[in-house]
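Undergrad: next one to model:
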Amino acid sequence: MADATAAERDAPVLVLEGVHKSYGTTVITEVLRGIDLRVIPGELTAVTGPSGSGKSTMLNLIGLLDRPTSGKVFVAGEEATALDDAGLTRLRGTKIGFVFQFHHLLPGFSALENVMMPMTIASGRPRPWMHDKALALLDKVGLADRADARPSELSGGQQQRVAIARALAMDAPLILADEPTGNLDTETAGRVFELMRELNRTTRQAFVVVTHDPRLAERCDRVVRVVDGRIVSDGPPNGAAHG
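TA: A predicted model of the protein is given here:
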């Protein structure tokens, strides 16, 4: 990427074009009603809205865990909606990192092994360089000294920091975080969010964060508010209402 042109570096990492999502056959429930969204590298975007607004459905489509009923989804310049399941798995595994409310660390593995896991899966087996990269990522989130600890030996905030390191392991241009601080106390949540903010600035990876916490949304570059399956506002946090 060192020789990438400015245009390539600034090309949107995520584009949604006229995305609709409905469920049901006899009774049709329309959850998303024409979503248009562009996210560029280095942008930290909060997605807010009331329960049932379509935020989670939207995140599932962005994360290539589900397909839209109509419309197009582009990730890192590739049209995901044109891919088969194998293609979606490849794109998801190499271009998207995930951080969830509940960290989903593997309890039988150390922090280091958990961070190595995406690289091991992509390669088919662990390799020496993966150990070094995982340790560097743990150092970046302040946990190099806990590399050998199992999840049960870590605090909630430490476990979430391991999950963030794991999400960064594949150098994915897009990181999706679903209520990443929702299971943490206020002080720990603030520290975890500051870590994501710092990593976002230093790596230029785009972060899309679903959150109910207006205090966290206020610290993002941009707030996208979803109501009844539509984006009702999209702009700087001080100009957006939160829910």
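Undergrad: ok, what's across the strand from the spatially most central residue of the chain?
TA: By CA atoms, centre = their mean, the chain has its centre lying nearest to Leu176, at 0.9 Å. Beta bridges link Leu176 to Phe98, Val208, judged by DSSP bridges.
Undergrad: for Met196, see how far away it is.
TA: 11 Å (CB to CB, to the nearest Å). Using the backbone N, CA and C atoms, a C-beta is placed for each residue, glycine as well.
Undergrad: equivalent analysis for Arg219, please.
TA: 10 Å.
Undergrad: swap in Leu112?
TA: From Leu112 over to Met196 the distance is 21 Å, taken as CB to CB.
Undergrad: with Ser152 instead?
TA: 24 Å.
Undergrad: is it true that Val19 lies in a strand?
TA: Yes. Under DSSP: H, G, I helix; E, B strand; the rest coil, Val19 falls within a strand.
Undergrad: residue contacts, the closest residue to it other than its chain neighbours?
TA: Leaving out its chain neighbours, the residue that sits closest to Val19 by CB to CB, 6 or more residues apart in numbering is Gly71, at 3.6 Å. By CB atoms under 8 Å, 6 or more residues apart in numbering, the contact set of Gly71 is Leu16, Glu17, Gly18, Val19, His20, Gly34, Ile35, Thr81.
Undergrad: next, the residue of the chain most remote from its centre: secondary structure please.
TA: Of all residues in the chain, Thr26 has its C-alpha farthest from the mean position, at 33.5 Å, by CA atoms, centre = their mean. Of the three states, Thr26 takes coil under three-state DSSP.
Undergrad: pick out whichever of Leu112 and Met196 has more residues nearby.
TA: More neighbours surround Met196 than the other of Leu112 and Met196, with 26 against 22 (other CB atoms under 10 Å).
Undergrad: buried stuff in whatever helix or strand the more buried one lives in?
TA: Under the criterion of DSSP states H and E, Met196 resides in helix 186-203. For helix 186-203, the neighbour count (16 or more other CB atoms under 10 Å) marks Thr188, Ala189, Gly190, Val192, Phe193, Leu195, Met196, Arg197, Leu199, Asn200, Thr203 as buried.
Undergrad: could you dump those to a markdown table with pLDDT?
TA: Shown next, in a markdown table, are the buried residues of helix 186-203 (pLDDT from 0 to 100):
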| residue | pLDDT |
| --- | --- |
| Thr188 | 74 |
| Ala189 | 78 |
| Gly190 | 79 |
| Val192 | 77 |
| Phe193 | 83 |
| Leu195 | 79 |
| Met196 | 79 |
| Arg197 | 84 |
| Leu199 | 79 |
| Asn200 | 83 |
| Thr203 | 81 |
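Undergrad: of the residues you listed, closest to Val232?
TA: Closest approach between the buried residues of helix 186-203 and Val232, by CB to CB: Phe193, at 23.9 Å.
Undergrad: now that closest one: how far from Asp213?
TA: 9 Å.
Undergrad: what of Gly52?
TA: 18 Å.
Undergrad: more neighbours, those two?
TA: A side-by-side neighbour count of Gly52 and Asp213, using other CB under 10 Å, places Asp213 first with 19 against 12.
Undergrad: noted, bye for now.
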